[in-house]
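K.L.:
Attaching a predicted model along with its sequence, questions to come.
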Amino acid sequence: MRVPKRRRVLDVFALTLALVLGASVVFAQDGTDGAAGADGRGVVVIRDAALVLTMDPAIGQGPLGALTGADVVLERDRIRAVGENAAESAGRGARVIDGRDRIVLPGFVDLHTHLWQSLIRGCATDQELNGWLAGCVLPLYGSPVSGTEAYAGARLSTVDSVGTGVTTVTDWSHAFNADFARGNLRALEESGQRYVFAYAANRQPETLEEIRRVRREVIERNPLANLQVAVHPARHNLANTIAAEQLARELGVTLNVHLHESPADPATGQMEALREAGALRPGLLTNHTIQMTDAELDELAAHDVRVAHNPLSNMRLASGVARVPDMHARGIKVGLGLDGGTNDTNDMFNDMRAAVGLQRATSNDPTRYPTPADALRMATLGGAEVLGLEDEIGSLTPGKQADLQVIDTRRANFAPRVDWVSQLVFNGQPGNVEWVFVAGSALKRDGRVVADVDRILREAQESADRVRKLLGR
């Protein structure tokens, strides 16, 4: 991509005139656990960024809305202004970040993960999906696994994902028990990330009531939190699928399911269960969605069903290659997911590379969707669209939430700098992520995640040792 010329400033005031300019930004202190200033108080200016990928064509050039030599101004939890000389609108006393040799873009949106599964990294690496589940997950049902383990694994994953620029995470929680789910949520709350908690449901009244309680006591009290209801659709699990869909409708939230991930899945009646439960409706989020016929893809498109593509996980488990170009051609909204323990990392740069590479390798066509620019959009605004959050996040449009990242290109892996968009996908590494903001609060600053990382690593190791014993490994 040719780097475009400077564009004029676009300065939109999303907040009221009562906001006081010139206040210092509130940052979390080193050694604390979580982000300070959850409401993002203060003003931050990223000055003279080499490249700003706004993901808003109305602001910049091309489909990624690119600007060069531009400023990005954050005020409290919102993006105030983007453009050349936008810093002039910030007033005195703003915190200034040097944008030279940096790329500024929206934070990544992880559409599908299981945060606790950092505890089972490296588990059953020679197995396909069902073998991996049998060895690494299913034995934990009915076991004494607790919120302590859930917290430790999820907190490790959140630190890891913040480090790679993920600002919104969709956590499909197995919720082996209520205590486990609460530990999982505690880690998300401490992380400072925007999150969607997909709580695995069944038809048991106590489970359904616990999900309602979590919504009241946790989700509704945190402006960064959203709820989904999760379930494994299948012919043999139809009663639970129906109960989950009914609860999702009652709460006005999205259903979140795994769909046709492995070659064995279609025979279990997953699509049939979704049809019978009335779950094929706008907003349904299906993960993987690999073993699909043309007619089934047409059906998803007709119902505005959205898809989380998990290329690294699918490669690891030999599950197949999702028909992402065919989904795109049908207008199905598709974003990217990292998918927990079957990925073994939380690296969104690797995920974008894999999304591009899988389609090229299986088609012998280097122009096949997604291109590197497409992958960047899938990882940002595309993910926001899948979640129905595109009015709040996913682009650097003034007035939206200040969820963004700053990439430092002054590293050996980025040299020489030629095609910055392609290099961001093909060369990018978590070590290039210098700053991460969620709702205006810095979760990573000057290349370091704001958290007590030593404690988190220690507790994760202790919990992983206990989980391995429960698994008999």
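P.N.:
Received it, and whenever you're ready, just let me know what you need.
K.L.:
Spell out, range by range, the strands that occur in the stretch 101-250 of the chain.
P.N.:
All strands of the stretch 101-250 of the chain, identified by DSSP state E, counting those that start in this stretch, fall at 102-106, 108-113, 166-173, 194-200, 225-231.
K.L.:
Would you double-check that residue 45 falls in a strand?
P.N.:
Yes. Assessed with DSSP: H, G, I helix; E, B strand; the rest coil, residue 45 lies in a strand.
K.L.:
Out of the strands of the stretch 101-250 of the chain, indicate the one that is most buried.
P.N.:
strand 108-113 (a mean of 31; mean count of other C-beta atoms under 10 Å). Backbone N, C-alpha and C define where each C-beta goes, glycine included.
K.L.:
Any idea how far apart the tips of stretch 110-124 sit?
P.N.:
24 Å (C-alpha to C-alpha, to the nearest Å).
K.L.:
average pLDDT for that stretch?
P.N.:
Mean pLDDT, stretch 110-124: 97.
K.L.:
Does the residue lying farthest from the centre of the chain belong to a helix, a strand or coil?
P.N.:
For the chain, the C-alpha farthest from the mean C-alpha position belongs to residue 92; by C-alpha atoms, centre = their mean, that distance is 34.3 Å. Assigned by three-state DSSP, the conformation of residue 92 is coil.
K.L.:
And it, how close does it get to residue 75?
P.N.:
Residue 92 sits 14 Å away from residue 75, going by C-beta to C-beta, to the nearest Å.
K.L.:
Which helix runs longest in the protein?
P.N.:
Criterion DSSP state H: the longest helix present in the chain is helix 453-471.
K.L.:
How far does stretch 359-371 sit from its chain's centre?
P.N.:
On the basis of C-alpha atoms, centre = their mean, to the nearest Å, stretch 359-371 sits 24 Å off its chain's mean C-alpha point.
K.L.:
Residue 96 reaches residue 45, doesn't it?
P.N.:
Yes. Assessed by C-beta atoms under 8 Å, residue 96 is found in contact with residue 45 at 4.9 Å.
K.L.:
And those two? Which one has more around it.
P.N.:
Taking other C-beta atoms under 10 Å, residue 96 and residue 45 do not tie; residue 45 has more neighbours (24 against 15).
K.L.:
Contacts only, for that one.
P.N.:
71, 72, 73, 74, 86, 87, 90, 94, 95, 96, 97 (C-beta atoms under 8 Å, 6 or more residues apart in numbering).
K.L.:
beta partners of it?
P.N.:
Applying DSSP bridges to residue 45 gives these bridge partners: residue 73, residue 96.
K.L.:
Give me the pLDDT value at it.
P.N.:
Confidence for residue 45, expressed as pLDDT, is 98.
K.L.:
before we move on, what about residue 26?
P.N.:
26.
K.L.:
separation between the residue nearest to residue 278 when sequence neighbours are not counted and residue 181?
P.N.:
Distances taken as C-beta to C-beta, 6 or more residues apart in numbering put residue 245 closest to residue 278, at 6.1 Å, once the chain neighbours are dropped. Plainly put, residue 245 is 19 Å away from residue 181 if you go by C-beta to C-beta.
K.L.:
nearest residue to residue 471 other than its sequence neighbours?
P.N.:
Distances taken as C-beta to C-beta, 6+ apart place residue 139 nearest to residue 471, at 5.2 Å, with adjacent residues excluded.
K.L.:
what sits against the one you found?
P.N.:
Contacts here follow C-beta under 8 Å, 6+ apart; on that basis residue 139 touches 470, 471, 472.
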